[in-house]
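K.L.:
Sharing a model prediction with you, sequence too.
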Amino acid sequence: MIGKLPKTGTIEIAPSILSADFAKLADEIAQVEKAGLKMVHLDVMDGHFVPNITFGPPVIANLRKYSTLFFDSHLMITEPARYADAFIKAGVDNITFHIEVEPDPKGLINKLHDSGISAGLCLNPETPISKIEKYAHLADMILIMTVHPGFGGQSFIQEATDKIKPIRQLVGPNIRIEVDGGIDPKTAPIVTALGADTLVAGNAIFGKPNRQQAIDDIRNACVK
Ligand code: DX5
Ligand code: ZN
């Protein structure tokens, strides 16, 4: 753990390294750090909860040596509680887990807080808000998926944005609402207008040769 989740009141962009060159991860992260961002989004996939495999604690622990960015880890894994300690030890600043697979969300959120990191609760596009109602106020961030998790570069699922306003009403102004999947200069202003304040973008940043320009394009699109 290095940093704290930025307080609400700002729009933060969290580039997902899923679309970066995995052979040059430290350099790729350095580029977005240089562009002035505070967070980087780490998509961990287990080939079980989602049909893809990415990376785990050993890769994150090595990246930690090269970056002081806020490590926003998104665990797309079946047993997040079982592996939480390994990710904390690797140096993540946040763990977001999926409500669909965690039998004791309150227990896991408490554990993450006791370990000094922040906690995010994630819902798949088809998961209703009722699933998080009891726990949302305990989390630091709610992550709303706007694609089916597993792969970068998919198209934005517009219907999932219907959950943003009601979740903002549910959690109030002090909890971040992050949106993940298909975020680009076209979709970013849609989700921020509805109350999201944390934007994950993979393909729209690491899929572009000029990362600074790509980040500026997303940010400028959100300014009315
Ligand atoms: C999807 C991941 C996302 C993904 C976003 O399973 O959770 O973070 O990398 O990628 P883009 O922005 O390309 O949709
Ligand atoms: Zn993600």
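P.N.:
Okay, I see it. Quantities reported herein were computed from a predicted structural model and do not represent experimental measurements. Ligands and ions are numbered 1, 2, ... in the order given.

K.L.:
partner strands of the helix or strand containing residue 97, parallel or antiparallel?
P.N.:
Here residue 97, judged by DSSP states H and E, is contained in strand 94-98. Paired neighbours of strand 94-98 in the sheet (DSSP bridges): strand 70-76 (parallel), strand 118-123 (parallel).

K.L.:
any bit of that strand sitting next to ligand 1?
P.N.:
No. Counting by C-beta under 6 Å from any ligand atom, ligand 1 has no neighbours in strand 94-98; the shortest distance is 9.3 Å. In this view, the C-beta of every residue, glycine as well, is placed from N, C-alpha and C.

K.L.:
pLDDT on that strand, on average?
P.N.:
Averaged over strand 94-98, pLDDT sits at 99.

K.L.:
What of stretch 198-208?
P.N.:
The average pLDDT for stretch 198-208 rounds to 98.

K.L.:
The residue nearest to residue 159 when sequence neighbours are not counted and ligand 2, how far apart?
P.N.:
Nearest residue to residue 159 in three dimensions, chain neighbours excluded: residue 125, at 7.2 Å (C-beta to C-beta, 6 or more residues apart in numbering). Going from residue 125 to ligand 2 by C-beta to the ion, to the nearest Å gives 13 Å.

K.L.:
is residue 40 in a bridge, and if so with what?
P.N.:
Under the criterion used here (DSSP bridges), residue 40 is bridged to residue 71.
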